[in-house]
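# Have a look at this fold, sequence not included:
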């Protein structure tokens, strides 16, 4: 199977990178062909062009490469911190440019008129790992965990991905080495489970 792992954090020493590496190692150990992208290291340009904002395809070679890998992948993992209940700017720009119309989704009428989308991604399963500095109970009860809704419903389901596994790790700022080690083990276990789900799921036929 082909897999895509994308991490968005400005520090290469971050716990986000450790999580992304854990997923990459796990999927590689199962024989997956894993494409790995550190958006900051690659200096990914997150700004939509005016033409892209109107639905035209991107002419940025790096964006085109990411789109091709997204469309080819059986597995996806995205790793990033919680920033005000949303993905950070770099990751949001990656979503805007790579989950592009006629690449990740389309509409029956050929244009976005507010009707239901048609997902174009053939991905079998996705894994979303986030970090935060809010106590998990407060994140759920007070904020409603908006990142779960964004990724699960507003992005992945919109583009045709039904099997989504997600975890929010926190509080990261005050976590101990032992706690981080336990979280990494959890991430590895989730990556194994997502791989198993993908292996049991037949890849949809091309649209």
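Yep, it's here. What you see is a predicted model; the values in this text were computed from it and never measured.

# Going by C-alpha atoms from here, please, whenever you check contacts or count neighbours.
OK.

# Just the buried residues of the lowest-mean-pLDDT helix or strand in the chain, please?
Lowest on mean pLDDT, DSSP states H and E among the helices and strands of the chain sits helix 136-138, with a mean of 74. Across helix 136-138, burial judged by 16 or more other C-alpha atoms under 10 Å covers residue 136.

# And the helices in this structure?
For the chain, applying DSSP state H gives helices covering 15-29, 50-53, 61-72, 89-98, 136-138, 146-149, 177-200.

# Show me what the second one is in contact with.
Among residues not part of helix 50-53, those counted as contacts by C-alpha atoms under 8 Å, 6 or more residues apart in numbering are 57, 58, 97.

# Just list whatever residues bridge to the one residue sitting closest to the centre of the chain.
The centre of the chain sits closest to residue 78, judged by C-alpha atoms, centre = their mean, with a distance of 3.1 Å. In this entry, residue 78 is beta-bridged to residue 6, residue 128, by DSSP bridges.

# re the thing from before, which of the helices of the chain sits closest to residue 166?
Taking C-alpha to C-alpha, helix 146-149 is the member of the helices of the chain nearest to residue 166, at 7.3 Å.

# what does that closest one rub up against?
So helix 146-149 is contacted by 82, 85, 86, 87, 166 (C-alpha under 8 Å, 6+ apart).

# Closest one to residue 16 out of these, please.
Of all the contacts of helix 146-149, the one with the least separation from residue 16 (C-alpha to C-alpha) is residue 82, at 10.8 Å.
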